[in-house]
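Undergrad: what's the 3D shape of this:
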Amino acid sequence: MLELDLSADIQALRSTFNDIQSVVDVDALAAEIARLSDEAGAPDLWDDPEQAQKVTSALSHRQAEMSRITAVAQRLDDLEVLVELANEMEDEESAAEARRELVELEKVIGDLEVQTLLDGEYDDRSAVVTIRSGAGGDDATDFAEMLMRMYLRWAERHKYPVKVMDTSYAEGAGIKSATFEIDAPYAYGTLSVEAGTHRLARISPFGAADKRQTSFAAVEVIPVMEEAVEVDIPEGDIRVDVFRSSGPGGQSVNTTDSAVRITHIPTGIVVSMQNEKSQIQNRAAAMRVLQTRLLLLKREEEAAKKKELAGTLTASWGDQMRSYFLYGQQLVKDLRTGHEVGNPAVVFDGDLDGFIAAGIRWRKRKDDDD
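TA: The predicted structure follows:
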C-alpha cells in the first residue's frame, strides 16, 4: 500500500516561503505595481520617451518579482494536491512526480531566500557586466571569451534579456574586453558577487609544448543607474575618440565611424560603446556607464576612508576570487566561499547559481561581522 508523507517537508517550505513573503512585503509590491500600471497607462506616457522607458522597465521588473512569488505559492498548493492524489489512487507515478516537484521547489524557494539577502542600495537594479582579459596572452583572451559566454548562458537559463554593448576582439583568439547589460530585477545584487579576478589553469591549446598555462580575466559588475546626477563630469576631464566598430579579426561591421571611446583623464577609466545605431547614442550610453563607475568609485573611496580612520582597513577579496582547473583534477573553486564543482563544463555552460548563492551568503556574513 502506497503511503506518501511529505507533510513535514512541505510545511518547512511553507514556513520559509512565508518568511520570504514578509521580507518582500507582497502588499507593498502589489501597490507599487498598481501605481506603475497607472503611470504606464497614461495617454501622454510616450511624450517623454526616457521617462516612459523608466516606468515600463520598473513595471516589468516588479511584475516579474510578483510572478515568481505567486508561482511558488501555486506550486506549493499543487504539490499538496498531488500528494493527496498519489495516496488516494495509490499511484506510484504521481508519487514520483511529487518527490521531483519537492526537490524543484526546495531549489526555487532557496533561490528566493537568497534574494531576500540582497538589500543593498542598488541591488534591485539591472547590471552592466564588463570582462577584461589579463595576463596570459592568447589563453587570457580566450578565457575572457569563455567567461562572457558563461554569463550569457546563465542569463539565457534564467530567461533574462541581454544587450551586448561593446566587444573588443583580440588579434588572436577570444576577446580583449566585452561589456553587456543584463536587464532583470536584482541582476546587479546577484551578479555583483561575481566581480573580481578569475584564474584559469589548463594545458594551453595555443602553445607548441604541452605545458600548463595560467591566465587571468577580470569581471566588473555595476548597476544600471536611472540617473547619475550625483556625478558632474567637466568636459575638460574627458577625451572622446570616435572609431569604426570591428568584428573578429578586425573585420569592419559598420559603414560609419559610429563607435565611441570616452577616457576619463583624472582616473584613467575608459568606456567604449559600439552597438548602438548612431554615434550620439553610443556616446550617451558610454557617458551613463562612466558616470556610474565614477559614482561607485567615489563611494568606495569614502567607505575605504571611513575604515582607515577606524583602523580596520583591509582588502576585500584579494587578487583572485575563483579558480578554474581544466587539467588533471577538473575543478572550479571559489576561494572566498569554498564552494566548488567538479565539472567545469557545466559551469562554463552557465550553471552558476550555486556559486552565486554561496557568494551572496558569504557577503552577508562578512557585512554582518564588519
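
Undergrad: quick one: average confidence on stretch 12-20?
TA: For stretch 12-20, mean pLDDT is 92.

Undergrad: so what's the gap between that stretch and the chain middle?
TA: 25 Å (C-alpha atoms, centre = their mean, to the nearest Å).

Undergrad: so which bits of that stretch are buried?
TA: Buried positions in stretch 12-20, judged by neighbour count with 16 or more other C-beta atoms under 10 Å: 13, 17, 20. All C-beta atoms are positioned from the backbone trio N, CA, C, and that covers glycine.

Undergrad: and the closest residue to A30 other than its chain neighbours, how many neighbours?
TA: The spatially closest residue to A30, leaving aside those adjacent along the chain, is M66, at 6.8 Å (C-beta to C-beta, 6 or more residues apart in numbering). M66: 16 surrounding residues under other C-beta atoms under 10 Å.

Undergrad: can you pull the contacts of M66?
TA: M66 sits next to 26, 29-30, 33 when contact means C-beta atoms under 8 Å, 6 or more residues apart in numbering.

Undergrad: can you redo the buried residues of stretch 12-20 as CSV with distance to V260 and secondary structure?
TA: What follows is the buried residues of stretch 12-20, written out as CSV (distance: C-beta to C-beta, whole Å; DSSP: H, G, I helix; E, B strand; the rest coil):
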residue, distance to V260, secondary structure
L13, 50, helix
F17, 47, helix
I20, 43, helix
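
Undergrad: which among those gets closest to H158?
TA: Nearest to H158 among these, counting by C-beta to C-beta, is I20 at 18.0 Å.

Undergrad: surely the closest one meets D111?
TA: No: counting by C-beta atoms under 8 Å, I20 sits too far from D111 to count as a contact (10.2 Å).

Undergrad: now the contacts of M66: which count as buried?
TA: The neighbour count (16+ other C-beta under 10 Å) marks 26, 29, 33 as buried among the contacts of M66.

Undergrad: among those, which ones are in strands?
TA: Among the buried ones among the contacts of M66, none falls in strands (DSSP state E).

Undergrad: the one helix or strand K298 maps to packs against which elements?
TA: Under the criterion of DSSP states H and E, K298 resides in helix 279-310. The helices and strands touching helix 279-310, judged by 3 or more C-beta pairs under 8 Å, 6 or more residues apart in numbering; DSSP states H and E, are strand 212-223, strand 238-243, strand 259-264, strand 269-273.

Undergrad: turn the ones you listed into a markdown table, columns for mean pLDDT, distance to Y169 and mean neighbour count.
TA: Shown next, in a markdown table, are the helices and strands packed on helix 279-310 (pLDDT from 0 to 100; distance: least, C-beta to C-beta, whole Å; neighbours: other C-beta atoms under 10 Å):
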| stretch | mean pLDDT | distance to Y169 | mean neighbour count |
| --- | --- | --- | --- |
| strand 212-223 | 90 | 15 | 20 |
| strand 238-243 | 88 | 13 | 13 |
| strand 259-264 | 90 | 13 | 20 |
| strand 269-273 | 90 | 12 | 20 |
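
Undergrad: please convert these to JSON lines, extending it with distance to E300.
TA: Output for those, formatted as JSON lines (distance: least, C-beta to C-beta, whole Å):
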{"stretch": "strand 212-223", "distance to E300": "11"}
{"stretch": "strand 238-243", "distance to E300": "20"}
{"stretch": "strand 259-264", "distance to E300": "15"}
{"stretch": "strand 269-273", "distance to E300": "13"}
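
Undergrad: so for L118, which of those sits nearest?
TA: strand 212-223 (11.5 Å).

Undergrad: give me the helices and strands touching the closest one, please.
TA: Against strand 212-223 (3+ C-beta pairs under 8 Å, 6+ apart) you get strand 127-133, helix 137-157, helix 187-191, strand 196-203, helix 279-310.

Undergrad: list the contacts of the residue nearest in space to the middle of the chain.
TA: Taking C-alpha atoms, centre = their mean, the centroid of the chain lies closest to L191, which sits 3.1 Å from it. L191 is in contact with 127, 129, 151, 182, 221, 356, counting by C-beta under 8 Å, 6+ apart.

Undergrad: isn't the second one right up against S177?
TA: Which is V129. No: if you go by C-beta under 8 Å, V129 and S177 don't touch, sitting 11.0 Å apart.

Undergrad: those two: who's more crowded?
TA: V129 (26 against 21).

Undergrad: tell me the spacing between the more buried one and V332.
TA: Using C-beta to C-beta, to the nearest Å, one obtains 18 Å as the distance from V129 to V332.

Undergrad: please apply the same query to A358.
TA: 12 Å.

Undergrad: could you do A178 as well?
TA: On the measure of C-beta to C-beta, A178 and V332 end up 21 Å apart.

Undergrad: which residues touch the residue lying closest to V242 once chain neighbours are set aside?
TA: Ranked by C-beta to C-beta, 6+ apart and with sequence neighbours excluded, the top spatial neighbour of V242 is D257, at 5.2 Å. The contact partners of D257, by C-beta under 8 Å, 6+ apart, come to 242-244, 279.

Undergrad: got it, and L326?
TA: By C-beta under 8 Å, 6+ apart, the residues touching L326 are 200-203, 344.

Undergrad: now with 7 Å, please.
TA: 200-202, 344 (C-beta atoms under 7 Å, 6 or more residues apart in numbering).

Undergrad: next one: it, what pLDDT does it get?
TA: pLDDT, L326: 93.

Undergrad: what of the one 3 residues further on?
TA: Here the pLDDT value assigned to Q329 is 83.
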